[in-house]
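*Asks:* A predicted structure for the sequence below; I have some questions about it.
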Amino acid sequence: MENTYKTNLINRFKNKSAKISILGLGYVGLPLATVFAEAGFHVIGVDPDPKKISAIQNGESYILDVPDEQIRKLVDQKKLQATTDFSILKQADAVSICVPTPLRKTGDPDLSYIVSATEELAKYIHPGMVVVLESTTYPGTTREVILPTLTEKSNLKVGADFFLAFSPERVDPGRKDWTTINTPKVLGGVTPNCLEVASAWYSMALQKVVPVSSAEVAEMAKLLENTYRMINIGLVNELAIMCDRLGVDVWEVIDAAATKPFGFMKFTPGPGLGGHCIPIDPLYLSWKLRSINYTARFIELASEINSNMPRFVVGKISDALNNRSKPIKGSQILVLGAAYKPDIDDIRESPALDVIGLLIQKGALVSYHDPYIKRVHHEEWELQSIPDLDEGLENADCVVILTNHSVYDYPAILEKSKLIIDSRNALGVLGRDHPKVVRL
């Protein structure tokens with residue numbers, strides 16, 4: 001028997017008459033909203049933050065990857081709207097949930113944003129709606145957390161009256177080659193009908209949809225992607241520690257290994273892991289497995305190594321200053337870069353925050369410079385990016401490169417600094433064997 005809701009929804013996606021709503025307008029949600037709007041859909045973003053709503057209504061973007069002009073154009077064309085009012089979901093045919101999924105201080109998954117968004121959605125869910133969760137989480141969340149909430153009071157049947165799927169976000173801030181529109185999109189439904197409807201929706205805006213057999217497969221695929229990166233970064237971070245003990249240049253070792261045209265993929269060490277995905281997502285999997293009495297040993301070992309890299313960097317700073325008869329306490333230390341990776345304004349889980357915090361604890365007089373991040377507010381301290389980089393370099397007893405932004409003039413930084421700790425090999429050959437430079 002033909003499912004009328006499924007057929008009608010698929011037809012509405014094909015003729016672009018379906019109304020789209022995005023819950024959560026952050027690093028994932030806003031780019032996704034613009035992609036659907038550019039494809040010709042009417043998109044309404046919902047977010048509890050009135051500052052984000054005001055910015056969008058004024059044609060302004062707060063996400064580096066989304067230009068102001070794009071927001072302004074879509075708002076003027078009435079293809080993109082934004083509101084804090086969840087009741088707008090009564091009008092929606094398709095809803096994508098793109099809310100944060102952080103870890104609690106105990107290391108347990110914090111699903112409060114997903115739960116809150118789903119509870120709001122449950123008030124307005126109606127027959128003929130498709131819902132896709134994009135927030136990264138542990139396998140089983142879509143079926144075990146989202147589904148019961150949406151069906152408990154609505155009496156709607158999944159796969160018949162409404163449709164539910166999971167599609168992991170694959171946003172890498174700052175990239176120009178792979179963006180939301182052209183990065184292949186994995187999609188897993190709770191039922192076959194759910195997959196068919198969700199695929200019909202996403203394929204109208206994204207270049208490639210990769211269907212899988214279940215929501216759990218899609219959830220696990222995302223965790224595999226980031227666990228793979230986390231473990232390999234943990235490997236090269238430990239390699240950096242080993243090479244330091246052996247007196248071998250880890251950067252030269254990695255470059256030499258990378259000349260092999262097969263069987264090797266280059267990863268580089270650094271002061272720790274940053275961003276929302278790599279430091280957090282694998283721990284969702286580790287937590288889930290502990291609940292079924294299994295220890296994810298690779299994940300926990302890599303996490304331990306990566307989490308200790310800020311202390312390793314601070315140790316390098318301490319040794320370098322000590323070799324110049326200076327203690328950390330009272331020394332002027334300038335940190336270059338607060339973002340978790342180059343050329344972006346994202347400080348989520350940035351190792352720079354840990355390094356700065358440790359230096360402050362040890363009595364250092366810390367300042368920082370980042371062309372993308374004007375202020376950093378932490379639980380125990382707050383700093384503003386210094387306005388005059390040249391003056392900061394000249395006054396610093398030690399300069400610590402934590403983020404290798406491409407806008408920095410590294411030869412000039414080398415010339416003006418007394419001592420540099422280069423945790424990213426930003427100076428390249430300039431820093432090799434230079435008396436003022438200590439490399440990771």
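*Replies:* Arrived safely, thanks for sending. These numbers come from a predicted model, not from an experiment.

*Asks:* use CA for all of it now, contacts and neighbours both
*Replies:* Fine.

*Asks:* Quick one: the strands in the stretch 151-300 of the chain, in order.
*Replies:* 162-166, 185-189, 209-212 (DSSP state E, counting those that start in this stretch).

*Asks:* Single out the most deeply packed of these.
*Replies:* Highest mean neighbour count of the strands of the stretch 151-300 of the chain: strand 162-166, a mean of 29 (counted as mean count of other C-alpha atoms under 10 Å).

*Asks:* which residues sit against that strand?
*Replies:* 5, 126-134, 142, 147, 156, 158, 187-191, 193-195, 197-198, 215, 218-219 (C-alpha atoms under 8 Å, 6 or more residues apart in numbering).

*Asks:* and if you look at stretch 252-261?
*Replies:* Stretch 252-261 has contacts (C-alpha under 8 Å, 6+ apart) with F264, M265, K266, F267, T268.

*Asks:* Would you confirm that the fourth one contacts V236?
*Replies:* Yes - if you go by C-alpha atoms under 8 Å, F267 and V236 touch, sitting 6.7 Å apart.

*Asks:* on that earlier part again, I'd like the strands of the stretch 151-300 of the chain laid out as a markdown table, including distance to K73 and mean pLDDT.
*Replies:* Shown next, in a markdown table, are those (distance: least, C-alpha to C-alpha, whole Å; pLDDT from 0 to 100):
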| stretch | distance to K73 | mean pLDDT |
| --- | --- | --- |
| strand 162-166 | 30 | 98 |
| strand 185-189 | 26 | 98 |
| strand 209-212 | 27 | 98 |
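
*Asks:* Mind giving me the packing neighbours of the longest helix belonging to the chain?
*Replies:* As assigned by DSSP state H, the longest helix anywhere in the chain is helix 215-246. Applying 3 or more C-alpha pairs under 8 Å, 6 or more residues apart in numbering; DSSP states H and E, one finds that helix 215-246 contacts strand 162-166, strand 185-189, helix 250-257, helix 281-290, helix 297-307.

*Asks:* Quickly list the domain ranges of this structure.
*Replies:* Domain segmentation of the chain under automatic domain parsing yields 4-212, 214-307, 310-440.

*Asks:* From what I see, P211 and V197 are in contact.
*Replies:* No - counting by C-alpha under 8 Å, P211 does not reach V197; the two are 11.3 Å apart.

*Asks:* mind listing what L156 touches?
*Replies:* H126, P127, F162 are the contacts of L156 under C-alpha under 8 Å, 6+ apart.

*Asks:* Show me what the last one is bridged to.
*Replies:* So the one you mean is F162. M129, V158 (DSSP bridges).

*Asks:* Count residues in the vicinity of the spatially closest residue to P48 that is not a sequence neighbour, would you?
*Replies:* Closest residue in space to P48, ignoring its immediate chain neighbours: T84 at 5.0 Å, by C-alpha to C-alpha, 6 or more residues apart in numbering. By other C-alpha atoms under 10 Å, 17 other residues sit near T84.

*Asks:* right, and T84 touches P50 too?
*Replies:* Yes - in this structure, T84 is within contact of P50 by C-alpha under 8 Å, at 6.7 Å.

*Asks:* how far away is the closest residue to N322 other than its chain neighbours from L301?
*Replies:* Leaving aside its sequence neighbours, N322 sits nearest to I328 (C-alpha to C-alpha, 6+ apart; 8.0 Å). I328 sits 30 Å away from L301, taking C-alpha to C-alpha, to the nearest Å as the criterion.
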